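**Student:** this one's sequence-less:
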């Protein structure tokens, strides 16, 4: 449930309500607006009485929340969340572009790509140091060595950095080198890993699972937030359908649904969803047009020889052309985007 306080409710009234909630073994979650404070109740709400709460001073009304996710719910937190990643802010005011190789291969390769994507407007460098691959014989990543290269790239270019993690050990290593960690599609419902990510102290990018519903995805985000980490960004990266023309099916309607249901930022990955560089520009533009807060795009200096996902990676020239073409779309939807 959520408790909506009257406009300009006294701090003493808010405190009295939160103390009642805590006394009954539940957790209050406060969201302060300009005039109205909303108190969300997390836990077994059968322990408290709505009738008793209604008579507390400055309580306006009590609204039941039927969804199983609470902290990720827009009813708990009506204002959109803005998340700081290094020196970058992800939120409703600007377009954030995360770009880089699917996998970190060498220090020289990563530095070359980092310089190029920054020049073309990216603010966050993506690069995989841990690569959960379908085949056990495929390149699995450089692990901590790759993370060190990410740190070096940040120091030289000033770009913020993000890397996928696949285990507790990977999180322990990543927090020493990068600004944000990513939970990939295959691990979206790895609940132990989600809890570890929630305790990491870093912002988390949570990709949608291959066959996950939006409610399942938001409940996965809830696992992270419930550990005390509110800095979660959702990434629509395509879902598995019967269609085989693209690698996955990019569900852009999910962006609109999420904007209605959650306060968390939402970005779109047109690279993994389509699986082909040919479709990345049009899907990136569509993502901006439908309200995404950012894009995650794979870029490589030599896609034909990439160790992972070369066919969906843009060359430097194609990426630069795309970012220039995105500017008018940002203008239409009222987002800033600095090239």
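**Tutor:** Great, that's in hand. As the structure is a prediction and not an experimental result, all values here were calculated from the model.
**Student:** quick one: pLDDT of the residue lying closest to residue 141 once chain neighbours are set aside?
**Tutor:** Leaving aside its sequence neighbours, residue 141 sits nearest to residue 131 (Cβ to Cβ, 6 or more residues apart in numbering; 3.9 Å). All C-beta atoms are positioned from the backbone trio N, CA, C, and that covers glycine. On pLDDT, residue 131 comes in at 79.
**Student:** Helices along the stretch 1-150 of the chain, start to end?
**Tutor:** 11-23, 50-54, 107-119, 144-157 (DSSP state H, counting those that start in this stretch).
**Student:** now those helices in CSV, with mean pLDDT, mean neighbour count and distance to residue 101?
**Tutor:** Shown next, in CSV, are these (pLDDT from 0 to 100; neighbours: other Cβ atoms under 10 Å; distance: least, Cβ to Cβ, whole Å):
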stretch, mean pLDDT, mean neighbour count, distance to residue 101
helix 11-23, 95, 15, 47
helix 50-54, 91, 12, 53
helix 107-119, 98, 19, 6
helix 144-157, 97, 18, 10
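**Student:** Let me have these in a markdown table, extended by distance to residue 94.
**Tutor:** Shown next, in a markdown table, are these (distance: least, Cβ to Cβ, whole Å):
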| stretch | distance to residue 94 |
| --- | --- |
| helix 11-23 | 32 |
| helix 50-54 | 39 |
| helix 107-119 | 16 |
| helix 144-157 | 19 |
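**Student:** For residue 283, find the nearest of those.
**Tutor:** Residue 283 lies closest to helix 107-119 among the helices of the stretch 1-150 of the chain, at 18.1 Å (Cβ to Cβ).
**Student:** residue contacts, the residue lying farthest from the centre of the chain?
**Tutor:** Centroid-distance maximum for the chain: residue 55 at 39.0 Å, with Cα atoms, centre = their mean. For residue 55, the contact set (Cβ atoms under 8 Å, 6 or more residues apart in numbering) is empty.
**Student:** Spell out which residues sit in contact with the residue nearest to residue 141, please.
**Tutor:** By Cβ under 8 Å, 6+ apart, the residues touching residue 131 are 102, 103, 138, 139, 140, 141, 164, 308.
**Student:** Would you format those residues as TSV with neighbour count, distance to residue 84 and pLDDT included?
**Tutor:** Formatted as TSV, those follow (neighbours: other Cβ atoms under 10 Å; distance: Cβ to Cβ, whole Å; pLDDT from 0 to 100):
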residue	neighbour count	distance to residue 84	pLDDT
102	25	25	94
103	26	27	94
138	13	34	80
139	15	32	78
140	18	31	77
141	26	27	82
164	25	20	96
308	20	29	91
